[in-house]
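Engineer: starting from these lines, generate the structure:
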Amino acid sequence: MLAELTLSDLAAASGLQARTIRSWVAQGLLPGPLTRGPFARYPADMLERVLAVRAMREVLGMPIPAIRQELLVASAEQIA
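Structural biologist: As a prediction, the model looks like this:
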């Protein structure tokens, strides 16, 4: 597994558009990138968080504030 992922990597692996992931970062659902700019890098565990948010939205139908609250208290194992 890669130590760091690009936004393109995250989008491809999650099946989401890059703008959706950027929006979730802006809304506080996901942490920002480790580096900035066109070659921004995200930690490898970011994919698990992206997939968790996607499942909470699509499968459970949770609103953004509820997802944000869940992620604040969730352990890495719960997110995975």
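Engineer: where does the protein have low pLDDT?
Structural biologist: Counting by pLDDT under 70, the chain contains low-confidence ranges at 1-2.
Engineer: scan it for its longest helix.
Structural biologist: Assignment by DSSP state H gives helix 46-58 as the longest helix of the chain.
Engineer: contacts for it next, please.
Structural biologist: With contact meaning CB atoms under 8 Å, 6 or more residues apart in numbering, helix 46-58 is reached by 5, 9-10, 13-16, 21, 24, 29-31, 62, 66-67, 70-71, 74, 76, 79-80. Just so you know, the C-beta spots here come from the backbone N, C-alpha and C atoms, and that holds for glycine as well.
Engineer: restricted to helices, list the residues you listed.
Structural biologist: 9-10, 13-14, 21, 24, 66-67, 70-71, 76, 79.
Engineer: re earlier: of the contacts of helix 46-58, buried ones?
Structural biologist: Buried members of the contacts of helix 46-58, scored by 16 or more other CB atoms under 10 Å, are 5, 9-10, 14, 16, 21, 24, 29-30, 62, 67, 70-71.
Engineer: turn these into JSON lines, including distance to Ala40.
Structural biologist: Shown next, in JSON lines, are the buried ones among the contacts of helix 46-58 (distance: CB to CB, whole Å):
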{"residue": "Leu5", "distance to Ala40": "10"}
{"residue": "Asp9", "distance to Ala40": "11"}
{"residue": "Leu10", "distance to Ala40": "10"}
{"residue": "Ser14", "distance to Ala40": "16"}
{"residue": "Leu16", "distance to Ala40": "16"}
{"residue": "Ile21", "distance to Ala40": "11"}
{"residue": "Trp24", "distance to Ala40": "14"}
{"residue": "Leu29", "distance to Ala40": "17"}
{"residue": "Leu30", "distance to Ala40": "13"}
{"residue": "Met62", "distance to Ala40": "27"}
{"residue": "Ile67", "distance to Ala40": "22"}
{"residue": "Glu70", "distance to Ala40": "25"}
{"residue": "Leu71", "distance to Ala40": "20"}
